[in-house]
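Engineer: Provided below are the primary sequence and the corresponding predicted coordinates.
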Amino acid sequence: MNSKTERMVREFIWLNHGHGILPLYGDDGELQCSKCMIDFKRMPLDELLEKVERIRIKEVFESQDDSLPLWFGLSRASWLTLPRVLMQAMPKSWQRRMANLLFEYDEAFPYQPDIGTRVQITKNGKLIKTPEWLLNYRCPDQNMINSLRKQQGTAVG
Ligand SMILES: [Zn+2]
């Protein structure tokens with residue numbers, strides 16, 4: 001691809017990446033977006049396409065009525081299992097929204113059967129002992145939790 005074609009491709013992606021035209025900044029030949037902070041002029045094209053794909057998927061999720069089945073995707077999972085220790089490591093605003101959703105869920109199904117569930121941890125399909133950091137939500141292993149976080153500078157959307 002020559003540089004003129006690449007410029008056109010980049011402009012097209014910039015204009016159509018899903019944030020409308022309001023947050024776009026295009027003076028001085030720049031191709032920036034203040035919503036996702038992506039530099040559409042300088043980011044390597046493959047990285048750019050990957051980021052834009054994630055933005056588009058997120059926008060689709062937010063606008064669809066079947067967003068939950070979409071989130072589960074092609075997996076045949078019948079359950080969603082999230083570790084308390086990581087949920088409590090999420091931002092407070094996320095925890096408030098999550099708690100509200102869970103209260104809402106409980107209110108919608110007040111007659112749930114008196115049955116319990118038990119989580120078993122597997123690795124490569126084989127049962128393993130539950131790692132201590134997953135169990136210990138009282139004194140969270142911050143180093144372990146931070147090592148699982150999205151790396152700085154890769155924020156999208
Ligand atoms: Zn954007």
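Structural biologist: Received it, and whenever you're ready, just let me know what you need. Numbers count the residues shown, from 1 in each chain.

Engineer: Strands of this protein, start to end?
Structural biologist: Listed in chain order, the strands of the chain (DSSP state E) span 24-25, 32-33, 121-123, 126-128.

Engineer: Can you tell me which of those strands is most buried?
Structural biologist: Of all those, strand 32-33 has the most neighbours on average by mean count of other Cβ atoms under 10 Å, namely a mean of 20. Where C-beta positions appear, they are placed from N, C-alpha and C, glycine not excepted.

Engineer: Return the list of helices and strands in contact with the worst-scoring helix or strand of the chain on mean pLDDT.
Structural biologist: When each helix and strand of the chain is scored by mean pLDDT, DSSP states H and E, helix 67-72 comes last, with a mean of 81. Helices and strands touching helix 67-72, by 3 or more Cβ pairs under 8 Å, 6 or more residues apart in numbering; DSSP states H and E, are helix 45-63.

Engineer: Restrict stretch 116-131 to CA atoms and write it as CSV.
Structural biologist: Extracted as CSV, the C-alpha positions of stretch 116-131 are listed here (Å, rounded to 0.1, in the frame of the first residue of the first chain):
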residue,chain,number,x,y,z
GLY,A,116,-26.6,-24.3,46.0
THR,A,117,-23.7,-24.4,43.6
ARG,A,118,-20.0,-25.2,44.0
VAL,A,119,-17.2,-23.9,41.9
GLN,A,120,-14.3,-26.2,40.9
ILE,A,121,-11.1,-24.8,39.4
THR,A,122,-9.7,-26.4,36.3
LYS,A,123,-6.5,-25.8,34.3
ASN,A,124,-6.3,-27.3,30.8
GLY,A,125,-9.4,-29.2,31.6
LYS,A,126,-8.0,-30.8,34.7
LEU,A,127,-9.2,-30.2,38.3
ILE,A,128,-6.7,-28.2,40.4
LYS,A,129,-6.6,-26.9,43.9
THR,A,130,-8.1,-23.4,44.1
PRO,A,131,-5.2,-20.8,44.1
